[in-house]
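[1] 3D, please:
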Amino acid sequence: MSAAPTIDRPAGPAAIGEATSLPALLLARADAAPTDVAMRRSRSCIWSEITWAEYAEHVARVGLGLLALGVGPGDHVAVHSDNRPEWLYADLGAQGIGAVTVGVYPTSPPAEVEYLLGHSEAVVLFAEDEEQLDKALEVRERLPLLRHIVVFDTALIGAHLDDPQIMSFAELEAIGGREDPAGYRERVAALDPADVAIVVYTSGTTGPPKGAMLTHRNLLAAAETLNVLNEAGERDEILSYLPLCHIAERLLSLVNALWFGVVVNFGQGSDTFASDLREVQPTAFLGVPRVWEKMMAAVEIGIADATWLKRHVYAFWMRQGARLAPRRMRSAMRPHHWAWYFLGWLMLYRPVRDKLGLRRVRIAISGAAPISPSVLEFFWALGVPIREAYSQTENTAVATYTPAGDVRIGKVGIPLPGTEIRIAPDGEILTRSATTFAGYFKNPEATAAALDPDGWLHTGDIGELDEDGYLRITDRKKDIIITAGGKNIAPSVIENRLKVSPFVREAIVIGDGRKHLTALVGIEQDTVGDWATRRFLPYTTYEDLAAKAEVRTLIAEWVEHVNRELAQVEQIKDFRILPRLLDHEEGQLTATQKVKRRAISDEFGDLIEEMYR
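    Numbers count the residues shown, from 1 in each chain. Okay, here's the model as predicted:
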């Protein structure tokens, strides 16, 4: 078992250190620094600022408005929107009056919206715009508990505002603005830290999503834990881009931002992510592996199209960066190393990082899924100090983190302060801390399976601890492949190696109960399309491109390359290119873009059987 030091109460403003809920933390921030910038938002490429006082005022109006609508302690309020300040106003406004916030992924189709709103027993829904409102209206007849729908952006909803169940966000704020703000503060002060604050629905890779209940105490414990690391502060800025209904983004844009005073930037949406990142140039950035992989692919494709001189400059300084990386991982750089790195910064690292939006990043994190070591090594060579972390929704995104001075590629760090980790006899990772969730909403059987009587959370992941307490993740317990020959194989390790290629978007390894492994591969349309165009290979659609013999040869060469790095039992003996893109709405992916293996096996069963004939 590995455990980290216990947590001391933080220094700093007493009101912030003594807050027992996120709404109380916001009020403390607003009282201590009312005119400081809390957020920025981009509209039509123009950035505007929101102060802590303005933030707190919006939240209080929302909370009081919800009270006027009849929402009370314990009621569930859902938010179905892309990231924007109003998301956080709704979240904290509901929490502040004792209600419980439930996030719904913006990409969720109507059937999933119906399930989440129905299962969570939501009485109010905050919908972003016409698109999300239409989804709710399609299913509301089957949601008897849903009383009100509040719409953030009413530009295109027209006559819907005549519906007595629907109102604008501005109207809700106006209702709350007529109430005494002291009443909201009294409600916040009366919150019980043990009460549930939010319900976060898990991905649902093997069945319906489960609602993990996180208390006010869980959320504050997460903030206190990260405070001990002493890495973030008021000088830091982030771009809020991962879905706010995911616990990782909630931790960054809400919990950390409130505790540390980090400035949260909201861009114009997922379509403008790359340009928003370049404009903001955040100092702290969390990327899931897919984000880091796409950035790496963008650089590699750009260099492939560059001049001879640029390609050679790139190759030379990437080699130098790779040589310096081990020293940077150990904090063992000497003055002459920094001088050489600075020259590389001028020649390559700064322009590339500037184009990616990572020029100012000093805290870079990869989490939420395993990442290939080669991707980490690429970014370390560029000077981006990515450190891996490991956590789950059920422990409020707090478990392990890689120390700045002892980075070990392939391992996800050591237990965070106050967190205990041990490995069960079957290899499953167990965690225990003050951030462990209160259970699954309306699912005592799943709760009992996840939480044992001693408070250990059974994560469902397989891993091992080394002698220094560093954790290595093998795979999800349920995803381990056992071949016909009895060999246990972790498919994610192979899949991550395959996805290092800029041409591979998805890789699903098959082989449970089979004599050897095969794979279904989804190509990256943009990069493969660029490759095809440069070779004057005409195509029209993804399906057309995926069917090209030349594309199969391209992928086959990459599979052969990966096979050379694998043990014989792990090698891919055959593969098929998926004939279409996997999609959340079609049920092949979860809202967090994780592959639903069972759905893939059912839908592409013919392709799979073809590989074993």
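[2] which element is residue 474 on?
    strand 471-476 (DSSP states H and E).
[3] next SSE after that strand?
    Following strand 471-476 in sequence, per DSSP H and E, is strand 481-482.
[4] Let me see the domain layout of the chain.
    Here the domain parsing of the chain from automatic domain parsing is 24-191, 286-477, 480-611.
[5] I figured residue 393 hits residue 211, correct?
    No - applying CB atoms under 8 Å, one finds residue 393 not in contact with residue 211, separated by 9.7 Å. Using the backbone N, CA and C atoms, a C-beta is placed for each residue, glycine as well.
[6] Please, where are all the strands along the stretch 451-600 of the chain?
    457-465, 471-476, 481-482, 488-489, 504-510, 517-523, 572-577 (DSSP state E, counting those that start in this stretch).
[7] Format these as JSON lines; extra columns: mean neighbour count and mean pLDDT.
    Listed next are the strands of the stretch 451-600 of the chain as JSON lines, based on neighbours: other CB atoms under 10 Å; pLDDT from 0 to 100:
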{"stretch": "strand 457-465", "mean neighbour count": "19", "mean pLDDT": "93"}
{"stretch": "strand 471-476", "mean neighbour count": "20", "mean pLDDT": "87"}
{"stretch": "strand 481-482", "mean neighbour count": "16", "mean pLDDT": "88"}
{"stretch": "strand 488-489", "mean neighbour count": "16", "mean pLDDT": "86"}
{"stretch": "strand 504-510", "mean neighbour count": "24", "mean pLDDT": "91"}
{"stretch": "strand 517-523", "mean neighbour count": "23", "mean pLDDT": "93"}
{"stretch": "strand 572-577", "mean neighbour count": "19", "mean pLDDT": "94"}
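[8] Just put these in JSON lines and tack on distance to residue 97.
    Shown next, in JSON lines, are the strands of the stretch 451-600 of the chain (distance: least, CB to CB, whole Å):
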{"stretch": "strand 457-465", "distance to residue 97": "29"}
{"stretch": "strand 471-476", "distance to residue 97": "38"}
{"stretch": "strand 481-482", "distance to residue 97": "48"}
{"stretch": "strand 488-489", "distance to residue 97": "50"}
{"stretch": "strand 504-510", "distance to residue 97": "43"}
{"stretch": "strand 517-523", "distance to residue 97": "45"}
{"stretch": "strand 572-577", "distance to residue 97": "52"}
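[9] Tell me how many other residues surround residue 39.
    Using other CB atoms under 10 Å, residue 39 has 22 neighbouring residues.
[10] and if you look at the one 3 residues further on?
    A count of neighbours around residue 42, defined by other CB under 10 Å, yields 19.
[11] State the next helix or strand along the chain beyond the helix or strand hosting it.
    Secondary structure from DSSP H and E places residue 42 in strand 37-43. Downstream of strand 37-43, the next assigned helix or strand under DSSP H and E is strand 46-51.
[12] Just the buried positions in that following strand, please.
    If you call a residue buried by 16 or more other CB atoms under 10 Å, then strand 46-51 has these buried ones: 50, 51.
[13] for it, packing partners?
    Applying 3 or more CB pairs under 8 Å, 6 or more residues apart in numbering; DSSP states H and E, one finds that strand 46-51 contacts strand 37-43.
[14] residues in contact with the strand it packs on?
    Strand 37-43 is touched from outside by 29, 47-52, 54-55, 84-85, 88, 257, 261, 263-268, 272, 276, 279-280, with contacts defined as CB atoms under 8 Å, 6 or more residues apart in numbering.
[15] give me the number of residues near residue 253?
    Neighbour tally, residue 253, other CB under 10 Å: 26.
[16] From what I see, it and residue 264 are in contact.
    Yes - in this structure, residue 253 is within contact of residue 264 by CB under 8 Å, at 5.0 Å.
[17] what touches both of these two?
    Residues touching both residue 253 and residue 264 (CB under 8 Å, 6+ apart): 88, 238, 240.
[18] element containing the first one?
    Which is residue 88. helix 85-96.
[19] go on, the second one?
    Using DSSP H and E, residue 238 sits within strand 237-240.
[20] quick one: that strand to chain centroid distance?
    With CA atoms, centre = their mean, to the nearest Å as the basis, strand 237-240 stands 13 Å off its chain's centre.
[21] what's that strand packed up against?
    Secondary-structure packing of strand 237-240 (3+ CB pairs under 8 Å, 6+ apart): strand 263-266, helix 273-280, strand 284-287.
[22] Within its sheet, name the partner strands of that strand and how each one runs.
    Counting by DSSP bridges, the strands paired with strand 237-240 are strand 263-266 (parallel).
[23] quick one: the strand it pairs with to chain centroid distance?
    Taking CA atoms, centre = their mean, one finds the center of strand 263-266 at 16 Å from the center of the full chain.
[24] what's the answer for stretch 258-270, then?
    On CA atoms, centre = their mean, the centre of stretch 258-270 falls 14 Å from that of its chain.
[25] quick one, what contacts the residue lying farthest from the centre of the chain?
    Of all residues in the chain, residue 613 has its C-alpha farthest from the mean position, at 39.3 Å, by CA atoms, centre = their mean. Contacts for residue 613 (CB under 8 Å, 6+ apart) come out as none.
[26] switch to numbering from 156
    Sure, I'll start counting at 156 from here, so that last one is residue 768.
[27] And it, how far from residue 513?
    Distance from residue 768 to residue 513, counting by CB to CB, to the nearest Å: 47 Å.
[28] Could I get the full set of strands for the stretch 156-305 of the chain?
    Using DSSP E, counting those that start in this stretch, strands in the stretch 156-305 of the chain cover 157-158, 192-198, 201-206, 231-235, 255-259, 277-282, 303-306.
[29] re the thing from before, in its sheet, what does the strand holding residue 629 sit against?
    Strand 626-631 is paired, per DSSP bridges, with strand 612-620 (antiparallel).
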